[in-house]
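# fold the following for me, if possible:
(2 chains)
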There are 2 protein chains.
Amino acid sequence: MESNLYIGLVHHPVYDRRREIVATAVTNFDVHDIARCARTFGLGGFFVITPLESQVQLVEKLIRHWVEGRGSVYNPTRKESLYLVRVSRTIDEASREISDLWGNRVKRIATGASPYPKSISFGRFRKLLEDRGTPFFLLFGTGWGLTEEVKDGCDYVLAPIEGRGYNHLSVRSAVAIILDRLLGDRTE
Amino acid sequence: MESNLYIGLVHHPVYDRRREIVATAVTNFDVHDIARCARTFGLGGFFVITPLESQVQLVEKLIRHWVEGRGSVYNPTRKESLYLVRVSRTIDEASREISDLWGNRVKRIATGASPYPKSISFGRFRKLLEDRGTPFFLLFGTGWGLTEEVKDGCDYVLAPIEGRGYNHLSVRSAVAIILDRLLGDRTE
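Sure, this is the predicted structure:
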């Protein structure tokens, strides 16, 4: 059964440490780690979102190397994960691609480390995912996180992962934990 | 309340892709990501285990930079996480350090991506952690994983994270998911 959950790793628009809106650079580790998580939990796809042409080409080259090139022979498990990865210039472009594929408007869910008014719990989001005819697009910000404007434009904002007085996980760790909470084995 | 859970990131002895026993290089990303997870979930400590003198010095330099040096001013959240990190030459050396601190022999738990006879479930391990007088040392292998000898020498082996026909998470993602399953909010 095709998964109705997609994730997006947003490199723009996000905040930097001074809360200015920037485009961050794509990190190879992010793409590999998150693609492996996406494959592990059977997602529909993983969009790397960046408006910078140099970064688009970098990610496309990385995917080609591991999916079709020499890397596919050296390490086939990377091929299995990276074939889930797509590059898009904007969140809207990726959203349209998902909506077109499903013939149904994709719903967007923002994530973040800080509490947000009207955020939804993990349990609530698991319930939403049971509507198998609707695709969902879960967005993660790089740098210092998604802008308020992106959050406000989403259908939902997911509750933050509660640390013990510390909320500075890497985006790689946040993706792993959130996907496990949404799709992992809950009986364990 | 001091946590009785410690983690170790093992760079030797681990397997390489040909199942030969090697010492892997320390990856900066691993240290940062895992230290942040350790801080988020309130662990007792995080041991980077490597017998290579050059690698020991590299990690000690990294810690000093972020805990005491210029990095501590640039990004204080790294200081908060990296002060949990210690370097040890061997698993035994780290284990002794924990046992001495607690005045009680530390119990070792191995992790791995493959099923293992007599492995324990996450639920069982959560129960074990309720024995607050006993410290536990959860070991993660880099490269292609902990050797059979290390696993056999542990008190327990934790069940693998079940993916959908794919079990190739990065060690960073595996640490994040496992700590969340053991210590994260289960009511969400």
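# give the next helix or strand downstream of the worst-scoring helix or strand of chain A on mean pLDDT.
Of all helical and strand segments in chain A, the minimum by mean pLDDT, DSSP states H and E falls on helix A:71-74, at a mean of 82. Downstream of helix A:71-74, the first helix or strand assigned by DSSP states H and E is helix A:76-82.
# contacting residues around the next helix or strand along the chain from that following helix?
Counting by DSSP H and E, the next helix or strand C-terminal to helix A:76-82 is strand A:85-88. Strand A:85-88 is contacted from outside by A:8, A:31, A:35, A:38, A:45-50, A:56, A:59-60, A:63, A:94, A:97, using Cβ atoms under 8 Å, 6 or more residues apart in numbering or on different chains. Backbone N, C-alpha and C define where each C-beta goes, glycine included.
# give the helix, strand or coil label for the nearest residue to A:Ala113 once chain neighbours are set aside.
Leaving aside its sequence neighbours, A:Ala113 sits nearest to A:Asn167 (Cβ to Cβ, 6 or more residues apart in numbering or on different chains; 4.3 Å). Judged by DSSP: H, G, I helix; E, B strand; the rest coil, the three-state class of A:Asn167 is coil.
# ok, back up a step: then the least confident helix or strand of chain A to PDB, C-alphas only?
Extracted in PDB, the C-alpha atoms of helix A:71-74 (Å, rounded to 0.1, in the frame of the first residue of the first chain):
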ATOM      1  CA  GLY A  71      27.700   4.100  -6.000                       C
ATOM      2  CA  SER A  72      24.800   1.900  -6.900                       C
ATOM      3  CA  VAL A  73      27.100  -1.100  -7.200                       C
ATOM      4  CA  TYR A  74      29.400  -0.100  -4.200                       C
END
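# residues contacting the residue lying closest to A:Ser72 once chain neighbours are set aside?
Of all residues not flanking A:Ser72 in the chain, A:Lys79 sits nearest, at 4.5 Å (Cβ to Cβ, 6+ apart). Residues near A:Lys79 by Cβ under 8 Å, 6+ apart: A:66-67, A:71-72.
# just send those back as a markdown table, with neighbour count and distance to A:Ile109 too.
What follows is those, written out as a markdown table (neighbours: other Cβ atoms under 10 Å in any protein chain shown; distance: Cβ to Cβ, whole Å):
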| residue | neighbour count | distance to A:Ile109 |
| --- | --- | --- |
| A:Trp66 | 25 | 28 |
| A:Val67 | 17 | 28 |
| A:Gly71 | 17 | 32 |
| A:Ser72 | 17 | 32 |
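# tell me which two in the residues you listed are the farthest apart.
A:Val67 and A:Gly71 (7.8 Å; Cβ to Cβ).
# how close does A:Ser170 sit to A:Lys79?
A:Ser170 sits 25 Å away from A:Lys79, taking Cβ to Cβ, to the nearest Å as the criterion.
# what residues does chain A put near chain B?
Proximity of chain A to chain B (Cβ under 8 Å from any Cβ of the partner chain) is limited to residues A:17, A:29, A:32-33, A:36-37, A:39-42, A:75, A:77, A:80-81, A:121-123, A:159, A:161-164, A:166-170, A:172-177, A:180-181, A:184-185, A:188.
# what's the ChimeraX syntax to select whichever of the residues you listed are buried?
Selection of buried members from the residues of chain A next to chain B for ChimeraX, criterion 16 or more other Cβ atoms under 10 Å in any protein chain shown:
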select /A:29,32,33,36,37,39,40,41,42,80,81,122,159,161,163,166,167,168,169,170,172,173,174,175,176,177,180,181,184
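# residues near the residue lying closest to A:Gly133 once chain neighbours are set aside, how many?
If the residues on either side of it in the chain are set aside, A:Gly133 comes closest to A:Asn104, at 6.2 Å by Cβ to Cβ, 6+ apart. If you count neighbours by other Cβ atoms under 10 Å in any protein chain shown, A:Asn104 ends up with 14.
# tell me which element A:Asn104 is part of?
For A:Asn104, there is no host helix or strand (DSSP H and E).
# now do it, the pLDDT please.
In the predicted model, A:Asn104 carries a pLDDT score of 96.
# my read: it touches A:Thr134, true?
Yes: with contact defined as Cβ atoms under 8 Å, A:Asn104 counts as touching A:Thr134 (5.9 Å).
# mind jotting down where the helices sit in chain A?
Assigned by DSSP state H, the helices in chain A fall at A:28-40, A:53-67, A:71-74, A:76-82, A:91-102, A:122-129, A:148-152, A:171-183.
# of all the ones you listed, which one comes closest to B:Arg108?
Of all these, helix A:171-183 comes closest under Cβ to Cβ, at 23.5 Å.
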